[in-house]
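Trainee: Sequence first, then the predicted structure, then my questions.
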Amino acid sequence: MELFASLNREQKESIGLLQIGTFLEYFDLMLYVHMAVLLNELFFPKADLYTASLLAAFAFCSTFVFRPIGAMAFGWIGDHIGRKVTIILTTAIMALSCLVMANLPTYAQIGITAAWIVTICRVLQGMSSMGESVSAEIYLVETVQRPARFPVVAFIGVSATLGGFAALATANLIIFYGLSWRVAFWAGAIIAIISAVARTRLRETPVFLEMKRKWLKKQVHEMNLETDAILGTDEGARINATWKEPVNYKTLISYFFISCGTPLCFFLAFFYFNPILKDNFGYSPEDIIKHNFLLSLISLSASIVVSSLSYRIHPLIISKVRGFLTLFLMILIPFLMAHITSPVQLLIIQGMILLLPLDDMPSSAIFLSHFPIYRRVTFASLLFAFSRALIYIITSFGLIYLGTWFGLFGIYFISLPVTISFLFGIFHFEQLERKHNLYPGLS
């Protein structure tokens, strides 16, 4: 393929290691998410339907609410120690949390302690996956040139989606063969350890190494040595320019708005309709897992298609079209839900959400390239983490109350502002690309 012909051996090896690692990270992360309908009953106390909904929301949000803390930690490591170190560290944390969960006694055995330990593990997994995906994308942004950069970085998202798909496939196999759920977590832990070791082969990105070189020379300059004599006037100016690169706060806000779209669509597609499947159609937890497996197949197919198209079509064009189609879909959802008479009709609505998600794919390479190099990991991680923590809390808890107060139209209070904000963010990055003569053509 033309895309791979433009890459050297080292780039191909890095891409392979990062894709595999991201797949394994999200496989481990999504194992619990998609098996929550089974595992929550094992690790949390029995309760009435309303309390059970709140406990399920708590278990779901615990994966994401502490991500900003992880973003600050991994952001500092990524910007001061290296992109490679961050990637290896996040994989090791995921492996450790999987090991603990694979051997954790249930609520019936040790009481509320089981709920607290599984929640801590979920927090660690959420923080780990956040640092993993952002660092992997930035690594490729800094090592691969346009236009190959677009699909290569977008396929990090494909690997994450594939990880969720594999997690659901594993859950279905466990249910079908009557195996212990612990087998899946043992497998995830072992694979994560192997991945962490394999990633030690990665080399640090040239952009980060150049930034560190300039930082060292800047330190020499600040010690009042003769910078001109050591560096030359032009070199000294380039060093100062790197560390004085301004922060465009509109860019940060726009990226935050765009990042809010993914958790909304994910929650709506995989969790929002579960009560309907249970109450209206008598679905068991096992049935819901099988239903969600079909949804993950739709999501995976859509992500592969849009990532591949980004090599030929400017990614922002794809994102903008998807944004407008999603806005139309969000307006229709309450009306469609009012006429659901079968699980197949519900599957179609969920499938449309996954075909037109408000995610950063395939434009993430563009978003990240407009961040200052010296704070790229920190800014991207924090915004990624805060957006998901905020929206997952709002959707998982808010929709419970909004549905009670406003019925089917309660979804508008979250879906429409998020969708409109997403489009605002896309238009901002479109302006930046035009400013640098990078839109609509590829350079």
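Mentor: Arrived safely.
Trainee: what's the neighbour count on the closest residue to L390 other than its chain neighbours?
Mentor: Nearest-residue entry for L390: C260, 7.1 Å, with adjacent residues in sequence omitted and distances by Cβ to Cβ, 6 or more residues apart in numbering. C-beta: built from backbone N, CA, C; applies to glycine. Counted with other Cβ atoms under 10 Å, the neighbours of C260 add up to 24.
Trainee: ditto for H80
Mentor: The number of residues near H80, taken as other Cβ under 10 Å, comes to 14.
Trainee: And it, how close does it get to H339?
Mentor: Using Cβ to Cβ, to the nearest Å, H80 is found at 55 Å from H339.
Trainee: Verify the stated contact: the residue nearest to L390 with S421.
Mentor: Yes - with contact defined as Cβ atoms under 8 Å, C260 reaches S421; the gap is 6.4 Å.
Trainee: Where does S159 fall, secondary structure wise?
Mentor: Using DSSP states H and E, S159 falls within helix 149-177.
Trainee: Could you check how far that helix is from the centre of its chain?
Mentor: Put simply, helix 149-177 sits 12 Å off its chain's centre (Cα atoms, centre = their mean, to the nearest Å).
Trainee: by contact count, what packs against it?
Mentor: Using 3 or more Cβ pairs under 8 Å, 6 or more residues apart in numbering; DSSP states H and E, the elements in contact with helix 149-177 are helix 9-34, helix 112-141, helix 182-198, helix 285-309, helix 364-369.
Trainee: Can you give me the buried ones in that helix?
Mentor: 149-168, 170-172, 174-175 (16 or more other Cβ atoms under 10 Å).
Trainee: now stretch 101-119
Mentor: Buried-residue list, stretch 101-119, by 16+ other Cβ under 10 Å: 101-102, 104, 107, 114-115, 117-119.
Trainee: With stretch 332-351 instead?
Mentor: For stretch 332-351, the buried set under the neighbour-count rule, 16+ other Cβ under 10 Å, comprises 333-334, 337, 340, 343, 346-347, 349-351.
Trainee: got the contact list for the residue nearest to L358 when sequence neighbours are not counted?
Mentor: The shortest distance from L358 to any non-neighbouring residue, by Cβ to Cβ, 6+ apart, is to G261 (2.5 Å). By Cβ atoms under 8 Å, 6 or more residues apart in numbering, G261 lies in contact with 326, 357-360, 418-419, 422.
Trainee: who touches stretch 14-26?
Mentor: With contacts defined as Cβ under 8 Å, 6+ apart, stretch 14-26 is touched by 7, 87, 90-91, 94, 128-129, 132-133, 136, 139-140, 143-144, 152, 155-156, 159-164, 166-167, 188, 191-192, 195, 198-199, 201-203.
Trainee: again, only this time at 7 Å
Mentor: Contact with stretch 14-26 is made by 87, 91, 94, 128-129, 132-133, 136, 139-140, 143, 152, 155-156, 159-160, 162-164, 191-192, 195, 198-199, 201-202, as judged by Cβ atoms under 7 Å, 6 or more residues apart in numbering.
Trainee: Thank you, goodbye.
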